[in-house]
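structure for this input, please:
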Amino acid sequence: MTIAVSKASGSESYERYGAWLRTYHPEMTIVDCSLIDMERLPEVMAACSGLVLSGGADVQPERYGAVAEGLPCSPDPERDAREFRLLDLALERAVPVLGICRGMQVLNVHGGGTLVIDIPAQVPEAGEHRGSEGDVRHGVEIASDSVLKKLVRRSEGVVNSSHHQAVDVLAPGFTVAAAAEDGIVEAIERDPEHGKSVVLGVQWHPERMEPDNPLSKNILHYFCFECECYDHLLRSNADA
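Residues are numbered from 1 along each chain as shown. Okay, the predicted model is just below:
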């Protein structure tokens with residue numbers, strides 16, 4: 001089984017995505033799409049059974065009709081273009097998608113939503129979501145009618161957090177699956193009726209949580225199971 005990751009190398013933190021995925025299946029092939037020429041992305045995605053949008057730089061505010069106006073914001077326009085293209089290709093093919101941290105924000109902006117550019121400046125009453133040294137931890141409340149609730153089998157939990165941006169206006173077709181105690185959106189999922197693809201975004205970093213934490217392990221197993229089902233479909237079509 002082959003999984004595309006939007007960026008999976010260059011530092012220890014990016015290497016963790018592949019390592020986390022391989023705890024489900026040690027022989028899984030990970031494709032780092034940041035190393036692939038843009039014109040080859042359709043070919044690559046045609047051979048992949050899942051897409052992980054990893055964490056990283058801020059999404060360019062112009063993509064959701066905003067201007068930073070002096071707010072701290074460090075976008076990566078080239079990466080935005082690459083990940084929006086990857087997401088186009090994945091959704092066209094109904095490939096399962098998991099967005100992590102920045103990846104969740106990409107899902108929301110791609111779908112027509114907007115972001116809070118800087119939580120401390122724009123939502124000063126919010127709690128701490130990014131520490132000066134490493135992750136911070138905070139509670140989340142999980143929506144009772146969400147797919148996420150069915151996966152983790154709990155209504156609340158504690159997650160690791162390292163972000164200064166957040167979902168503002170939710171994209172059409174998505175629902176909020178979890179929120180922090182201060183109201184900051186922490187997980188989104190696409191309505192099953194809205195399209196064929198399984199699409200889930202989490203603002204925390206499951207790839208660097210405790211391996212047995214349901215907010216990491218159960219998400220991993222759910223995503224990889226959906227990828228296995230898609231992989232079986234790919235192989236069946238190839239043999240037909």
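
buried residues of stretch 43-53, list them for me.
Val44, Met45, Cys48, Ser49, Gly50, Leu51, Val52, Leu53 (16 or more other C-beta atoms under 10 Å). Bear in mind the C-beta positions are built from the backbone N, C-alpha and C, glycine included.

keep only those of those that are in helices.
Taking DSSP state H as the definition of helices, the buried residues of stretch 43-53 contribute Val44, Met45.

would you mind listing the buried residues in the helix ranked longest in the chain?
When the chain is parsed with DSSP H, its longest helix is helix 214-239. Residues 214-220, 222-224, 226-228, 230-231, 234 are the ones in helix 214-239 that count as buried (16+ other C-beta under 10 Å).

look up the closest residue to the residue nearest in space to the middle of the chain, ignoring the ones flanking it.
Residue closest to the average C-alpha location in the chain (C-alpha atoms, centre = their mean): Gly99, at 0.9 Å. Nearest non-adjacent residue to Gly99, counting by C-beta to C-beta, 6 or more residues apart in numbering: Gly201, 3.7 Å away.

in its sheet, what does the helix or strand hosting the one you found sit against?
Here Gly201 sits within strand 199-202, counting by DSSP states H and E. If you go by DSSP bridges, strand 199-202 pairs up with strand 97-100 (parallel), strand 185-190 (antiparallel).

chain center to the first one, what's the gap?
Same thing as strand 97-100. In terms of C-alpha atoms, centre = their mean, to the nearest Å, the centre of strand 97-100 is found 3 Å from the chain centre.

could you measure from the nearest residue to Pro211 once chain neighbours are set aside over to Gly134?
Nearest residue to Pro211 in three dimensions, chain neighbours excluded: Lys217, at 6.3 Å (C-beta to C-beta, 6+ apart). Distance from Lys217 to Gly134, counting by C-beta to C-beta, to the nearest Å: 21 Å.
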